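Asker: coords please:
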Amino acid sequence: MKKKELSPEVIDRVIEMAWEDRTPFDAIQTQFDLPEKEVIKIMRNSMKKSSFLMWRERVQNRKTKHLKKVEDSDLRFKCSRQRQISNNHVSKR
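Answerer: Numbering: from 1, shown residues only. Just a heads-up that it's a prediction; the model follows:
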């Protein structure tokens, strides 16, 4: 299997998405065709060891990073608060 080369811009975007707690690994795989193991490799190779370990501890077993653990998950990848936004205004609560 041939390993694909990723541009620095793509690597930066993958890191940004992986660092964000609410972006599931499935969204990264859908957008960049990178499975979770490849994302972890990118993070490991691109970050300081202490930063990687902090990130890894934070995302491990986090429901929002793994769609299989989220009830009623769909592949639209939106924030749960997004439905409250209409016409560019956040609805009053």
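Asker: tell me the strands in the protein, going along the chain?
Answerer: 85-86, 89-90 (DSSP state E).
Asker: where among those is the average confidence lowest?
Answerer: Mean pLDDT per stretch puts strand 85-86 lowest among these, at a mean of 50.
Asker: And the helices in this structure?
Answerer: With helices called from DSSP state H, the chain shows them at 8-19, 25-32, 36-46, 49-59.
Asker: Isn't residue 34 up against residue 43?
Answerer: No: using C-beta atoms under 8 Å, residue 34 is not in contact with residue 43, being 11.0 Å away. Quick note: C-beta positions are derived from backbone N, CA and C, even for glycine.
Asker: Now do the shared contacts for these two.
Answerer: Counting by C-beta atoms under 8 Å, 6 or more residues apart in numbering, no residue touches both residue 34 and residue 43.
Asker: which ones are touching the nearest residue to residue 34 once chain neighbours are set aside?
Answerer: Closest residue to residue 34 apart from its sequence neighbours, by C-beta to C-beta, 6 or more residues apart in numbering: residue 28 at 5.8 Å. By C-beta under 8 Å, 6+ apart, the contact set of residue 28 is 14, 17, 18, 34, 36, 39.
Asker: Give me the buried subset of the residues you listed.
Answerer: The neighbour count (16 or more other C-beta atoms under 10 Å) marks 14, 17, 18, 34, 36, 39 as buried among the contacts of residue 28.
Asker: from what I can see the third one touches residue 56, true?
Answerer: No: the criterion here is C-beta under 8 Å, and residue 18 misses it with residue 56 at 10.2 Å.
Asker: Distance check, the residue nearest to residue 23 when sequence neighbours are not counted against residue 59.
Answerer: Spatial nearest neighbour of residue 23, excluding adjacent residues (C-beta to C-beta, 6+ apart): residue 17 at 4.6 Å. Using C-beta to C-beta, to the nearest Å, one obtains 12 Å as the distance from residue 17 to residue 59.
Asker: Contacts only, for residue 46.
Answerer: With contact set as C-beta under 8 Å, 6+ apart, residue 46 has these partners: 11, 15.
Asker: Run through the chain and note the low-pLDDT ranges.
Answerer: 1-3, 66-93 (pLDDT under 70).
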